[in-house]
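1. model this:
(chains A, B, C and D)
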Number of protein chains: 2
Amino acid sequence: MAMPTLDDVAREVGVHPSTVSRALNPNKAALVNPETRRAVEEAARRLGYRPHMGARGLQSGRTATVGVVAADLGNPFVTPIIHGLTAALEVAELMPVVAETQDEHERFVRILDHMLSRRVDAVIALAARAGDRHILEEAARATPVVIAARPLPGCDLPQVVHDDGAGARLVVEHLHDLGHTRVAQLRGPLDVANFDHRAKAFTAECQARGIVEVEVPETGARPTMQEGRRVAESLLRQSDRVPSAIFAHNDLMAIGALGALRAMELHVPDDVSLVGYNDTPMTDLVAPPLTTVHYPSREVGVAAGQVAIALLQDEEVDDVCLDPRLVSRESTQRAR
Amino acid sequence: MAMPTLDDVAREVGVHPSTVSRALNPNKAALVNPETRRAVEEAARRLGYRPHMGARGLQSGRTATVGVVAADLGNPFVTPIIHGLTAALEVAELMPVVAETQDEHERFVRILDHMLSRRVDAVIALAARAGDRHILEEAARATPVVIAARPLPGCDLPQVVHDDGAGARLVVEHLHDLGHTRVAQLRGPLDVANFDHRAKAFTAECQARGIVEVEVPETGARPTMQEGRRVAESLLRQSDRVPSAIFAHNDLMAIGALGALRAMELHVPDDVSLVGYNDTPMTDLVAPPLTTVHYPSREVGVAAGQVAIALLQDEEVDDVCLDPRLVSRESTQRAR
DNA sequence: CTGTTAGCGCGTTCAA
DNA sequence: TTGAACGCGCTAACAG
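-> Residues are numbered from 1 along each chain as shown, chains lettered A, B, ... in the order given. Predicted structure coming up:
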């Protein structure tokens, strides 16, 4: 069970441990006699030697590890981000270590703490809420931090995000084109900047186009199906005249709203049009297939990974902001 | 950017590093003067000291880390497993480190290698295929290995699995009850034991009940939507008389098959009944909601985590095998 | 109660 | 081309 060490290999071959170290290090291998080198490699293989990255990190100050803080892995929207991240980090031989906050601040703190204890070479935060800003900035004094997917306004850390305002405006434009004049939005938690931006841009664009926005008192505590359903129910309960179109702040909430509408025997899109956000995988499969705003998840992941790498190499980095795109499917139709 | 060390804290307080070490270690804190202890704690907080887990691990031989090898995080079926795992490991203050094989053997090898280099305290393999057995057994000589979710027949490592044969029999029973007499199965890759077991049990149970099984020549190379669609198309192309019910080896493949059927203008369940497997989150939302076999993902994750912990404490462990349960929804109906 | 010493596995000096 | 010595940050063992 005990792993062999450099010393074990050295003893086996009859050379000094440093020689083994050199022979096994691609950069320094040239400095060693080809013959001893082969002998070392052979012995290492035979003994099943593997470098001890912890020990190496102690020496080098690097762990070849990047901490990734996600909010909820159960949200299929994050998987492509992580895929992109992994692919980007792979080229620098960095390994992502993923943890979930479940959108609880206290867990966020614990996770960040843990990652700093682990001495990750960088942190990529996909789960930032307004209240997390302080600890993120604090962490940034110890290790490079990249804010991605969820913007953190007024924060100087490098950010890789997406234009949520533009996305919300695309939605209003789409509904306007379809002739809707009375709409509502199901808001996600507003301390997540994406939702705040979507909410404000949606309202502003409605006003600009002369569309009536029905106020929804409730806001989703988390961007989940359950909350989407709850907020939709509160809308349907309070307003005597149901809007002809509803914009949910993400696809999960839209699907929850679908349930609420169905329970009220309201048909989508005949009675009310419904729009989501993110273009989450599988949202084209629900009934009806959801009109949504495409969020470039994989690209955000790749860019965030690249920014992290650049930071590690002390390069200057610019913030990245990617564009949305409306995906029109069957959950929206012309207003009657 | 440089993190403070024990020595920094010691210098600050004017004591020896070991004293700081003791003061900060909950187990040994009692051995230290309450006054100095408070002074140490204060200085540590002020300096932003965090223990260096790498260094600690070098000393203790433990990293407080468990490697988790998944096949595909994009498959929503695995998320609950990882949640369960995380919850179970949390009580022992272990952190999962997740990596994806994408069902490629070469990646599996690389990942395992990397994890051993990291000296994870244990490995939990959720992605095992028949061809991975050798390297898993080899890894097990270096660190505890738990096989979970995907069984590895004829392998002595501890396993946490589920009775796939029973699941397949539930499907046949369900179809039989509905009066189906001509059925087919869309098989996943047979070097994943789950699919092999499902395939064999399905065939055997059909024979036992006098149901005709239409042979499908193709097998899914991976258990994905794309492959489900491809295999379904091969079935629909070759057989002049379409079976009245189809069993897809998992929900993703079932959804792919749905696309193929739709393209042929075959309606589910009116023209053909369709059954999936896993009860993947969101499969109740597709149109029509999918009849499927519930796979206890979270429970498998929890059990696998507990087995890993037991192994770390040198306890004896028994294999775990959990039961399936049929979830009847709208994609199946009585045969006409 | 606290200081000293040694060593975990490795890479990086500096010599030979 | 190789060896010897040191230190990365920490904890365990032993003194005092």
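
2. where are the low-confidence patches of the stretch 101-250 of chain A?
-> Judged against pLDDT under 70, the stretch 101-250 of chain A has no low-scoring part.

3. All the strands of it, in order from the start?
-> Taking DSSP state E, counting those that start in this stretch to define them, one finds strands in the stretch 101-250 of chain A at A:122-125, A:145-148, A:159-162, A:182-186, A:212-214, A:245-248.

4. what packs against the third one?
-> With contacts defined as 3 or more Cβ pairs under 8 Å, 6 or more residues apart in numbering or on different chains; DSSP states H and E, strand A:159-162 has these neighbours: strand A:145-148, helix A:297-312, strand A:320-322. Bear in mind the C-beta positions are built from the backbone N, C-alpha and C, glycine included.

5. can you check the shortest one too?
-> Counting contacts by 3+ Cβ pairs under 8 Å, 6+ apart, the secondary-structure elements packed against strand A:212-214 are strand A:182-186, helix A:193-209.

6. ok, that strand: who's next to it in the sheet?
-> Applying DSSP bridges to the sheet, strand A:212-214 is found paired with strand A:182-186 (parallel).

7. Using CSV, write down the CA coordinates of the strand it pairs with.
-> C-alpha atoms of strand A:182-186 as CSV (Å, rounded to 0.1, in the frame of the first residue of the first chain):
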residue,chain,number,x,y,z
ARG,A,182,-48.9,42.7,-21.4
VAL,A,183,-46.1,40.7,-19.9
ALA,A,184,-44.5,39.7,-16.7
GLN,A,185,-41.1,38.4,-15.5
LEU,A,186,-40.3,35.7,-12.9
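
8. who touches that strand?
-> With contact meaning Cβ atoms under 8 Å, 6 or more residues apart in numbering or on different chains, strand A:182-186 is reached by A:172, A:175, A:198-199, A:202-203, A:206, A:211-216, A:220, A:228, A:231-232, A:235, A:239, A:241, A:243-249, A:253-254, A:257.

9. Among these, name the buried ones.
-> Buried by 16 or more other Cβ atoms under 10 Å in any protein chain shown: A:172, A:175, A:198-199, A:202-203, A:206, A:211, A:213-214, A:216, A:220, A:228, A:231-232, A:235, A:243-249, A:253-254, A:257, out of the contacts of strand A:182-186.

10. can you list the residues of the stretch 201-336 of chain A near chain B?
-> Contact residues (Cβ under 8 Å from any Cβ of the partner chain) of the stretch 201-336 of chain A with chain B: A:255, A:258, A:281-282, A:285-288.

11. let's see 10 Å
-> A:225, A:252, A:255, A:258-259, A:280-289 (Cβ under 10 Å from any Cβ of the partner chain).

12. From those, list just the buried residues.
-> Among those, those scoring as buried are A:225, A:252, A:255, A:258-259, A:280-283, A:285-286, A:288 (criterion: 16+ other Cβ under 10 Å).

13. Same list (those residues) but as TSV, adding secondary structure and distance to DNA strand D.
-> Formatted as TSV, those follow (DSSP: H, G, I helix; E, B strand; the rest coil; distance: Cβ to the nearest atom of the strand, whole Å):
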residue	secondary structure	distance to DNA strand D
A:225	helix	43
A:252	helix	41
A:255	helix	47
A:258	helix	52
A:259	helix	50
A:280	coil	42
A:281	coil	42
A:282	coil	45
A:283	coil	46
A:285	coil	50
A:286	strand	50
A:288	coil	56
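
14. Just give me the closest of the residues you listed to DNA strand C.
-> residue A:281 (40.1 Å; Cβ to the nearest atom of the strand).

15. Spit out the contact partners of that closest one.
-> Listed by Cβ atoms under 10 Å, 6 or more residues apart in numbering or on different chains, the contact partners of residue A:281 are A:76-77, A:79-80, A:251, A:297, B:74, B:76, B:225, B:282.

16. quick one: which two of the buried ones among the residues of the stretch 201-336 of chain A next to chain B are the most distant?
-> Taking Cβ to Cβ, the two most distant members of those are A:259 and A:281; they sit 19.7 Å apart.

17. mind listing the helices for chain A?
-> Along chain A, counting by DSSP state H, helices occupy A:6-13, A:17-24, A:34-47, A:53-60, A:78-90, A:105-117, A:133-139, A:164-177, A:193-209, A:225-238, A:251-263, A:297-312.

18. Contacts for the fourth one, please.
-> Okay, so that is helix A:53-60. Against helix A:53-60 from outside (Cβ under 10 Å, 6+ apart): A:5-6, A:21, A:52, A:62-65, A:95, A:118-119, A:121, B:52-58, B:61, B:63, B:65, B:114-119.

19. Just the buried positions in it, please.
-> By 16+ other Cβ under 10 Å, the buried positions in helix A:53-60 come out as A:53-55, A:57-58.

20. Burial check on residue A:19, number of neighbours?
-> Around residue A:19 there are 20 other residues, counting by other Cβ atoms under 10 Å in any protein chain shown.

21. deepest of the helices and strands packed on strand A:159-162, which one?
-> Mean neighbour count, computed with mean count of other Cβ atoms under 10 Å in any protein chain shown, is highest for strand A:145-148 among the helices and strands packed on strand A:159-162, reaching a mean of 28.

22. So what's the residue count around the residue in the stretch 151-300 of chain A positioned nearest to DNA strand C?
-> In the stretch 151-300 of chain A, no residue comes nearer to DNA strand C than residue A:158, which is 27.7 Å away by Cβ to the nearest atom of the strand. For residue A:158, the number of neighbouring residues by other Cβ under 10 Å comes to 21.

23. Please determine how far the closest residue to it other than its chain neighbours is located from residue A:303.
-> Nearest non-adjacent residue to residue A:158, counting by Cβ to Cβ, 6 or more residues apart in numbering or on different chains: residue A:317, 5.0 Å away. Distance, residue A:317 to residue A:303, using Cβ to Cβ, to the nearest Å: 10 Å.

24. and for those two, which residues touch both?
-> Jointly contacting residue A:317 and residue A:303 under the rule Cβ under 10 Å, 6+ apart are A:146, A:160.

25. can you pull the contacts of residue A:304?
-> Residue A:304 sits next to A:66, A:68, A:81, A:84-85, A:88-89, A:122, A:124-126, A:146-149, A:158-161, A:320 when contact means Cβ under 10 Å, 6+ apart.

26. repeat that with 8 Å
-> Residue A:304 sits next to A:81, A:84-85, A:88, A:124, A:126, A:146, A:148-149, A:160, A:320 when contact means Cβ under 8 Å, 6+ apart.

27. Can I get the residues you listed in CSV including distance to DNA strand D?
-> Listed next are the contacts of residue A:304 as CSV, based on distance: Cβ to the nearest atom of the strand, whole Å:
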residue, distance to DNA strand D
A:81, 32
A:84, 33
A:85, 28
A:88, 28
A:124, 24
A:126, 28
A:146, 24
A:148, 29
A:149, 32
A:160, 30
A:320, 33
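
28. Next, the most centrally placed residue in chain A: phi, psi?
-> Nearest to the geometric centre of chain A sits residue A:126, at 4.1 Å (Cα atoms, centre = their mean). Note on residue A:126: backbone dihedrals following degrees, to the nearest 10 are phi -100, psi 0.

29. Hmm, it is touching residue A:78, no?
-> Yes: with contact defined as Cβ atoms under 8 Å, residue A:126 reaches residue A:78; the gap is 6.6 Å.

30. list residues touching both of these two?
-> Shared contacts of residue A:126 and residue A:78, defined by Cβ under 8 Å, 6+ apart, comprise A:70-71, A:149.

31. Name the nearest residue to residue A:296, sequence neighbours excluded.
-> Spatial nearest neighbour of residue A:296, excluding adjacent residues (Cβ to Cβ, 6+ apart): residue A:322 at 4.8 Å.

32. Separate out the buried members of the contacts of helix A:53-60.
-> When the contacts of helix A:53-60 are checked for burial by 16+ other Cβ under 10 Å, the buried set is A:5-6, A:21, A:52, A:63-65, A:95, A:118-119, A:121, B:52-55, B:57-58, B:63, B:65, B:114-119.

33. can you pull the pLDDT of residue A:1?
-> The model reports residue A:1 with a pLDDT of 68.

34. Tell me the residues of chain A that contact DNA strand D?
-> Within chain A, the positions near DNA strand D by Cβ under 7 Å from any atom of the strand are A:15-19, A:22, A:31-33, A:35-37, A:55, A:58-59, A:61.
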